[in-house]
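Chemist: here's a sequence, model it:
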Amino acid sequence: QVQLAESGGGLVQSGGSLRVSCRASGHTGSDLVMAWFRQAPGKEREFIAAVDVSGVNTNYGVPAKGRFTVSRGNPTNFMYLNMYNLKHEDTAVYYCAAEPMGSVWATRNDDYRHWGQGTQVTVSS
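Modeler: This is a model prediction of the structure:
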């Protein structure tokens, strides 16, 4: 089992920046792909970004391209999402997900078996 815990959410003004973090624990191997999803009120949970254990291979969803950066930390059981030029429509609960032997090209909710509780990001307009 993999346990995931997000942190770093909060309130930020439009145009500002924020970093959210995810810590994986439990059975974290060298093949653990980690990802970020988000869910806004009344909307489906959507894919934001994924990164493999090396940090070299990444994939971004449409909402993230050009403004968000995903990375793995050292140790590699940490993952970060740096968000820049935030907009009101980025307001959502941001979830960390992980899948052993996964792929950064996996963008569906069902592709990941392990999920965190989420962290709220609110962007004031």
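Chemist: drop to CA atoms for contacts and neighbour counts, all remaining ones
Modeler: Fine.
Chemist: name the residue closest to the centre of the protein, please.
Modeler: In the chain, the centroid-proximal residue (C-alpha atoms, centre = their mean) is Trp36; its distance is 2.1 Å.
Chemist: now the element after the helix or strand where that one lies, going C-ward?
Modeler: With elements taken from DSSP states H and E, the one containing Trp36 is strand 32-39. Per DSSP H and E, the first helix or strand lying C-terminal to strand 32-39 is strand 46-51.
Chemist: run the chain-centre distance for that following strand.
Modeler: 6 Å (C-alpha atoms, centre = their mean, to the nearest Å).
Chemist: one more: stretch 60-78?
Modeler: Remark: stretch 60-78 is offset 7 Å from the chain centroid, using C-alpha atoms, centre = their mean.
Chemist: so which bits of it are buried?
Modeler: In terms of neighbour count (16 or more other C-alpha atoms under 10 Å), stretch 60-78 has its buried residues at 60-61, 64, 68-72, 76-78.
Chemist: pLDDT value on Thr28, please?
Modeler: Note on Thr28: pLDDT of 79.
Chemist: so which residues of this structure form strands?
Modeler: Here the chain has its strands, by DSSP state E, at 2-7, 10-13, 18-26, 32-39, 46-51, 58-60, 68-72, 78-83, 92-100, 114-115, 119-124.
Chemist: ok, back up a step: please tell me I have it right and the residue nearest to the centre of the chain contacts Ile48.
Modeler: Yes - using C-alpha atoms under 8 Å, Trp36 is in contact with Ile48, at 5.3 Å.
Chemist: hang on, the earlier thing: so what does the strand holding Trp36 touch, helix or strand wise?
Modeler: For strand 32-39, the packing partners by 3 or more C-alpha pairs under 8 Å, 6 or more residues apart in numbering; DSSP states H and E come out as strand 46-51, strand 92-100.
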